[in-house]
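Undergrad: Mind folding the following:
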Amino acid sequence: MRHRKVWPSALSAILLTGVLAGCAGGDGGNSPQNSGNSGGSGDDSPQEVSLRFSWWGSEVRHKALLDAIDLYTENNPHVTIEPEYSGFDGYYQKLVTQFAGGTAPDLTPLSVDWIDELAVKSDLVVDLYTLDEYIDLDAFDADFLERYAVFDGKLAGLPMGVNGMVNLYNQDFFDRFDIPEDTVWDWETIHTIGKRVHEEDPNAYLLGMFDYRTFLQPFVNQQTGNQWIQDDKTVGFEADALEAAFAYYQQLLDDGVMQPIAESSLYKDLAENLQWQEGNIGMMFTLASTIAKVKTYTPNLGVSMYPVPADALTSAVLVNPSNPLAISKASKHPEEAAKFASWLLTSSEAAAILKDVYSVPVVAANAEQLVADGAIDSTVAEAVQIAMENPGNPVNGLSNNQELNQIAQDILDRVAFKQLSPDQAAADLMARLDEKLRSMP
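TA: Numbering: from 1, shown residues only. Predicted structure coming up:
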């Protein structure tokens, strides 16, 4: 997916200096679904509480979460949950402003790209290990949580699903150009087959647009085996690795393997690209959680492993938790928020409602039941399974930093528009990253 954002440094500065103090809630319940007495009322009646739950996504996701909220509040009438939902555009900026102003929602999913700013540097969300009395942590795979949702020893959020980067392809396109579905993809194979496709039909392209996350970072990481940005705030590569990536990218555009940037840049994501919808683009690199949306435009889809060269030092296949559900430190009722989050992500009732709106559920029993019932799209389940077969190392916080990512995306765009040659782009990116890293606290 391609989300072109500018992350204002002023907002980051507010976050870095405006850490909010946590407010203790007064809740003493034990069950995720039946919250019990919150204390302080002098009787057995639970204290009435109101929680704000904010998220972004599609209409399908909105409806599922609203239905889940209705079921929870029906079973827990003392809890009111105020839903706040929207599309992705502008969500991060709004959330940062809310955190800075002390008006953040009690619960909100985080993009993994935001965890470094919100959970690590600014310490604005609750370490959910401190609320383990109210969360069924045993329902989650402890190693998965430790590997993908714990930062500096703190559990930043409860994964709303398991996500993974795969190659998603149009089966009709593959049939049309005699591309075997069992092709083992690497970067050379992509160029060879993509060039042939475009020579056979000048209106057809094997690929749409790449972005930093789906191409530049993994391409370089496969050569180095390192994090994009190391924990000591140094880059994990040399300029020649960047130059090779930019040169390859430019070759794909020059040889018609990819749709021209002037056309593809008109769309925020490839699924909305008219050429994709009309069957003139063959495949994309995307997360499993996007597959349901893409299928609304292109129903005949298959999945395969993200391109991994035989000599790669790491697969760089991105596997991550789908939008870890975090609790704001400003929440007045963190225990009640934790009970709801636990129910939403561990109960079979909630799983039956949410299905695959956040990819495949983390709780194995729920995922297995939904697949068996046909409630999760088999392509989504297969995508997660493929990604988990050869995952890259978890991406560290600095490599997910929004400002650093935007620098890389800007340079990649300039290469695409031929404003920079590959060697110029490599030198420019090295210099700008180094400058930014030296200025970071």
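Undergrad: so residue 165 sits in a strand?
TA: Yes. Counting by DSSP: H, G, I helix; E, B strand; the rest coil, residue 165 is found in a strand.
Undergrad: tell me, how many neighbours does the closest residue to it other than its chain neighbours end up with?
TA: Closest residue to residue 165 apart from its sequence neighbours, by CB to CB, 6 or more residues apart in numbering: residue 318 at 3.9 Å. For every residue, glycine as well, the C-beta is placed using N, CA and C. The number of residues packed near residue 318 is 23, by other CB atoms under 10 Å.
Undergrad: quick one, phi psi at residue 318?
TA: Dihedral pair for residue 318: phi -70, psi 120, per degrees, to the nearest 10.
Undergrad: Quick check, it in contact with residue 215.
TA: No. Residue 318 is beyond contact range of residue 215, at 11.4 Å (criterion: CB atoms under 8 Å).
Undergrad: Show the contacting residues for the residue nearest to residue 165.
TA: For residue 318, the contact set (CB atoms under 8 Å, 6 or more residues apart in numbering) comprises 164, 165, 213, 218, 287, 306, 387, 391, 392, 395.
Undergrad: how near is the first one to residue 380?
TA: Distance of residue 164 to residue 380, computed by CB to CB, to the nearest Å: 10 Å.
Undergrad: Over to the last one?
TA: When distances are taken as CB to CB, residue 395 and residue 380 turn out to be 21 Å apart.
Undergrad: now do the second one
TA: As defined by CB to CB, residue 165 lies at a distance of 13 Å from residue 380.
Undergrad: So what touches stretch 292-300?
TA: Against stretch 292-300 from outside (CB under 8 Å, 6+ apart): 58, 60, 168, 170-172, 271-272, 276-277, 279, 284, 286, 301, 356-357, 377, 379-380.
Undergrad: now do stretch 210-224
TA: Residues outside stretch 210-224 that contact it (CB under 8 Å, 6+ apart) are 1-2, 165, 187, 227-228, 236-237, 241-242, 244-245, 248-249, 258, 285-286, 306, 308-309, 312-318, 392, 395, 399, 405, 408-409, 412.
Undergrad: coming back round to it: what's the overlap in contacts for residue 164 and residue 380?
TA: Common neighbours of residue 164 and residue 380 (CB under 8 Å, 6+ apart) are residue 288.
Undergrad: residues contacting residue 150?
TA: Counted by CB under 8 Å, 6+ apart, residue 150 has contacts residue 156.
Undergrad: Now do the phi/psi pair for it.
TA: When read as degrees, to the nearest 10, the backbone of residue 150 gives phi -110, psi 130.
Undergrad: and if you look at residue 206?
TA: Taking degrees, to the nearest 10 as the convention, residue 206 sits at phi -70, psi -40.
Undergrad: Okay, and which of the contacts of stretch 292-300 map to helices?
TA: Judged by DSSP state H, the contacts of stretch 292-300 include 60, 171, 172, 276, 277, 379, 380 as members of helices.
Undergrad: got the residue ranges for the helices in the stretch 101-250 of the chain?
TA: Counting by DSSP state H, counting those that start in this stretch, one finds helices in the stretch 101-250 of the chain at the ranges 115, 142-148, 171-176, 187-200, 217-224, 239-254.
Undergrad: Output whichever strand or helix holds residue 294 as CSV, nothing but the C-alphas.
TA: Assigned by DSSP states H and E, residue 294 falls within helix 291-295. The C-alpha coordinates for helix 291-295 follow below in CSV (Å, rounded to 0.1, in the frame of the first residue of the first chain):
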residue,chain,number,x,y,z
ILE,A,291,-6.3,-8.5,0.4
ALA,A,292,-10.0,-8.3,1.3
LYS,A,293,-10.1,-4.7,-0.1
VAL,A,294,-8.2,-5.6,-3.2
LYS,A,295,-10.5,-8.5,-3.9
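Undergrad: i'd like the first residue to be 847 from this point on
TA: Sure thing, new numbering starts at 847, so read that last one as helix 1137-1141.
Undergrad: Report the buried residues of that helix.
TA: 1137, 1138, 1139, 1140, 1141 (16 or more other CB atoms under 10 Å).
Undergrad: In a markdown table: those, plus pLDDT.
TA: Formatted as a markdown table, the buried residues of helix 1137-1141 follow (pLDDT from 0 to 100):
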| residue | pLDDT |
| --- | --- |
| 1137 | 90 |
| 1138 | 83 |
| 1139 | 84 |
| 1140 | 92 |
| 1141 | 91 |
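Undergrad: export those residues to CSV and tack on distance to residue 952?
TA: Shown next, in CSV, are the buried residues of helix 1137-1141 (distance: CB to CB, whole Å):
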residue, distance to residue 952
1137, 30
1138, 27
1139, 27
1140, 32
1141, 33
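Undergrad: what about burial for the contacts of residue 1164, which qualify?
TA: Using 16+ other CB under 10 Å, the buried ones in the contacts of residue 1164 are 1010, 1011, 1059, 1064, 1133, 1152, 1233, 1237, 1238, 1241.
Undergrad: Narrow the residues you listed to those in strands?
TA: With strands taken from DSSP state E, the overlap with the buried ones among the contacts of residue 1164 comprises 1010, 1011, 1133.
Undergrad: ok, the second one touching residue 1133?
TA: Yes. Using CB under 8 Å, residue 1011 is in contact with residue 1133, at 5.8 Å.
Undergrad: Farthest-apart pair in the buried ones among the contacts of residue 1164, please.
TA: 1059 and 1237 (15.3 Å; CB to CB).
Undergrad: Make JSON lines from the ones in helices among the contacts of stretch 1138-1146 and add neighbour count, distance to residue 1078 and pLDDT to it.
TA: As requested, the ones in helices among the contacts of stretch 1138-1146 are arranged in JSON lines below (neighbours: other CB atoms under 10 Å; distance: CB to CB, whole Å; pLDDT from 0 to 100):
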{"residue": "906", "neighbour count": "14", "distance to residue 1078": "42", "pLDDT": "90"}
{"residue": "1017", "neighbour count": "15", "distance to residue 1078": "45", "pLDDT": "98"}
{"residue": "1018", "neighbour count": "13", "distance to residue 1078": "48", "pLDDT": "98"}
{"residue": "1122", "neighbour count": "25", "distance to residue 1078": "41", "pLDDT": "95"}
{"residue": "1123", "neighbour count": "16", "distance to residue 1078": "45", "pLDDT": "95"}
{"residue": "1225", "neighbour count": "20", "distance to residue 1078": "40", "pLDDT": "92"}
{"residue": "1226", "neighbour count": "24", "distance to residue 1078": "37", "pLDDT": "90"}
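Undergrad: Thanks again, I'm all set now.
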